[in-house]
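Asker: build me a model:
(one chain, ligands or ions: 1)
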Amino acid sequence: MPPRQQRTNRVEPTDATATASGDSATDGRVDGEELVLSYPGSDSPVIDGESVTATPGAVTALVGPNGSGKSTLLKGLADQLSPDAGTVRIDGQALQSFDKKEFARTLGLLSQESTSPDSITVEELVYHGRYPHRGFFEGTTEADQRAVERAIDLAGCGHLRDREVGQLSGGQKQLAWIAMVLAQDTDVLLLDEPTTFLDLHHQLEVMEIIETLREESEITVVVVLHDIEQAARLADEMVALGDGEIQARGTPAEVVTEDLLAEVFEIEAEVEQTPRGPRIEPLRARHDDESDH
Ligand SMILES: Nc1ncnc2c1ncn2[C@@H]1O[C@H](COP(=O)(O)OP(=O)(O)OP(=O)(O)O)[C@@H](O)[C@H]1O
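Answerer: As a prediction, this is how the structure comes out:
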């Protein structure tokens, strides 16, 4: 198998989708092993030797305060940020040994850094998720068209299909980006704050999309979410990050505890474990001097 091209640290998300099409080669178990992740020019790593696993047919939610390293960890898993040490494997195969096409068929990333030309339509953007290396609509197959229609339908952005991306609101753009990564039709889906900019109706729709994908397609989903209750309702597994370290992992009931909220999120809160997941009653924000006691 030819070696995959070296990636830079900051690649446009579309680069990972360069040749997405066809049947996938894997089932989608993701193992990030002892990952050390840092940014160029920085003295110390953001993530220093952490391991994380995500399994097919399950949703793993990454939660943590601002700046705790959630996006950095996701970029490491997506090979957008090359690890200083450690390895990411999908079904036991190191990411470095995937060729570009295989990688694109296997792993899709919705990044917070997604960009696209303003002048293309939503439909073109979604096609771009399958064949960004070609001109739009050139030589697409029926399978491509089906994947694009399904993605547009799942993301609920059919009404936006002919609108130019540059004229969309933040939430409408987010839906278009979600459709684009869904069209890639991968075994592994990494989603960085997919509910950003979305109103509550569309946030719930995104949660439903993820549930549908898990149940019908048994794909592996790793999702960064800020709303801990939403994350707990959706996820099979949760990983809580604080200061670049994994502070807790396990089922939502194991992770979302009053102690974790106090120590990692600096919130004084009551947590009630309900059949639908932990319910959080925030009382007040704690301050640094209280966290030490
Ligand atoms: N491109 C970058 N270059 C240098 N440092 C970065 C870069 N991106 C993030 N960082 C730093 O890495 C640390 C973790 O950031 P990261 O974006 O991973 O956190 P996060 O948990 O996703 O935060 P948020 O919830 O605010 O999105 C922060 O200290 C941040 O300043």
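
Asker: contact partners for the spatially most central residue of the chain?
Answerer: The residue lying closest to the centre of the chain (CA atoms, centre = their mean) is residue 191, at 1.7 Å. Going by CB atoms under 8 Å, 6 or more residues apart in numbering, residue 191 touches 109, 110, 178, 181, 210, 221, 222, 223, 224. Where you see a C-beta, it was placed from the backbone N, CA and C, and this is true even at glycine.

Asker: what average pLDDT does stretch 266-282 get?
Answerer: For stretch 266-282, the mean pLDDT works out to 89.

Asker: again but with stretch 63-75, I slipped
Answerer: The average of the pLDDT scores along stretch 63-75 is 97.

Asker: list the buried residues of that stretch.
Answerer: By 16 or more other CB atoms under 10 Å, the buried positions in stretch 63-75 come out as 63, 64, 65, 68, 69, 70, 71, 72, 73, 74, 75.

Asker: which of the residues you listed come close to the ligand?
Answerer: Among these, the ones lying near the ligand by CB under 6 Å from any ligand atom are 64, 68, 69, 70, 71, 72.

Asker: closest to residue 127 out of those?
Answerer: Closest to residue 127 out of those is residue 71 (26.7 Å), distances taken as CB to CB.

Asker: please settle this for me: is the closest one part of a helix?
Answerer: Yes - checked against DSSP: H, G, I helix; E, B strand; the rest coil, residue 71 lies within a helix.

Asker: dump the residue contacts of it.
Answerer: Applying CB under 8 Å, 6+ apart, the residues near residue 71 are 112, 192, 224.

Asker: sitting in strands, which of those do you find?
Answerer: Counting by DSSP state E, these place 192, 224 in strands.

Asker: TSV for the contacts of residue 71, including pLDDT and distance to the ligand?
Answerer: Formatted as TSV, these follow (pLDDT from 0 to 100; distance: CB to the nearest ligand atom, whole Å):
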residue	pLDDT	distance to the ligand
112	86	7
192	96	7
224	97	6
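
Asker: buried members of the contacts of residue 71 into ChimeraX, please.
Answerer: The following ChimeraX line selects those of the contacts of residue 71 that are buried, judged by 16+ other CB under 10 Å:
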select :192,224
